[in-house]
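Trainee: below is the sequence, then the predicted model.
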Amino acid sequence: MIVVIIAGGNIDEKFIGGFIEDLDESSLFLIACDKGYEACERMGIKPDVLIGDFDSASGDVSGSAEKAGVQVIRLNPVKDDTDTEAALDLAIKKTTEEDEIFLLGVTGTRIDHVLGNISLVGKGLLADREVTMLDSHNSIQMIKPGETYIVEKDYQFGKYISVFPYMGPVKGLNMTGFKYPVKDGEIHGFSTLTVSNELAEDEGVITIEEGTLIVIESLD
């Protein structure tokens, strides 16, 4: 199964529409978050579920969704998590370790939400789920010890590959096949040392021995 969550951040409809069109519809489960449903309507996409407290959507979004046959989950606006986290929790319940979860519409002008959504990638990691944040210029994942992140030249999302430690140092960092290779490295926060690396070979491989690593593939 592939679960796609469309939230209410910046929406590049051409990118999102093309991304969804390329997926196998028979294995796709689509969740819209609050204002994200409005983008789905504009793109002619019918989600399986709409979830939210509807504090940012315009008009009667939930009513419109119900008329279209979409399952609606209404959340209390006074809560301890975001609509996107609630959607991710639902996605985790519906998936196994073999499935993929994509977060779209989760970047934009609200940096607090962007940082919170990066944390959700880590929440997926703790649940042994592969969660990817995507927009038209960036792909963001996390890895933990025992996992391997592979970047293939013919299929890479973006030219630039940056890595960052998350919530503490990363030890035993190995990056092979890159312009700036790393062998048994240790990286800490508050540094730009590992920003904007590039492939030097057809394939780049990233592993770590301790910690949690954010991996970002970016386009200009």
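Mentor: Sure, I can see it.
Trainee: strands along the chain, start to end?
Mentor: 2-6, 28-33, 49-52, 71-74, 100-104, 130-134, 138-143, 149-152, 160-165, 170-176, 182-187, 203-207, 213-218 (DSSP state E).
Trainee: name the strands paired with the fourth one and say parallel or antiparallel.
Mentor: When you say that, I think you mean strand 71-74. Applying DSSP bridges, strand 71-74 is found paired with strand 49-52 (parallel).
Trainee: hmm, who's touching the strand it pairs with?
Mentor: 29-35, 37, 61-62, 65, 70-75, 83, 86-87, 90 (CB atoms under 8 Å, 6 or more residues apart in numbering). C-betas here are computed from N, CA, C, even on glycine.
Trainee: quick one: find the helix or strand in this structure with the lowest mean pLDDT.
Mentor: Sorting the helices and strands of the chain by mean pLDDT, DSSP states H and E puts helix 61-67 at the bottom, at a mean of 90.
Trainee: so how far is Phe19 from the residue most central in space within the chain?
Mentor: Residue closest to the mean C-alpha point of the chain, counted by CA atoms, centre = their mean, is Met133 at 1.7 Å. Distance, Met133 to Phe19, by CB to CB, to the nearest Å: 13 Å.
Trainee: overlap in contacts of the two?
Mentor: Common neighbours of Met133 and Phe19 are listed as Phe102 (criterion: CB under 8 Å, 6+ apart).
Trainee: now the buried members of the contacts of strand 49-52.
Mentor: Among the contacts of strand 49-52, those scoring as buried are 29-35, 37, 61-62, 65, 70, 72, 75, 83, 86-87, 90 (criterion: 16 or more other CB atoms under 10 Å).
Trainee: grab the longest helix from this structure for me.
Mentor: helix 111-126 (DSSP state H).
Trainee: list the buried residues in it.
Mentor: His113, Val114, Asn117, Ile118, Leu120, Val121, Gly122, Gly124, Leu125.
Trainee: I figured the fifth one hits Ala86, correct?
Mentor: No. Leu120 is not in contact with Ala86 according to CB atoms under 8 Å; the separation is 10.4 Å.
Trainee: returning to that earlier point: and the least confident helix or strand of the chain, what does it pack against?
Mentor: Helices and strands touching helix 61-67, by 3 or more CB pairs under 8 Å, 6 or more residues apart in numbering; DSSP states H and E, are helix 36-43, strand 49-52, strand 71-74.
Trainee: what residues does that helix touch?
Mentor: With contacts defined as CB under 8 Å, 6+ apart, helix 61-67 is touched by Ala32, Asp34, Lys35, Tyr37, Glu38, Glu41, Pro47, Leu50, Gly52, Phe54, Val72, Arg74.
Trainee: and with 10 Å instead?
Mentor: Contacts with helix 61-67, where a contact means CB atoms under 10 Å, 6 or more residues apart in numbering, come from 32, 34-38, 40-41, 46-47, 49-52, 54, 57, 60, 70-74.
Trainee: how many neighbours does Gln156 have?
Mentor: 18 (other CB atoms under 10 Å).
Trainee: swap in Val205?
Mentor: By other CB under 10 Å, 14 other residues sit near Val205.
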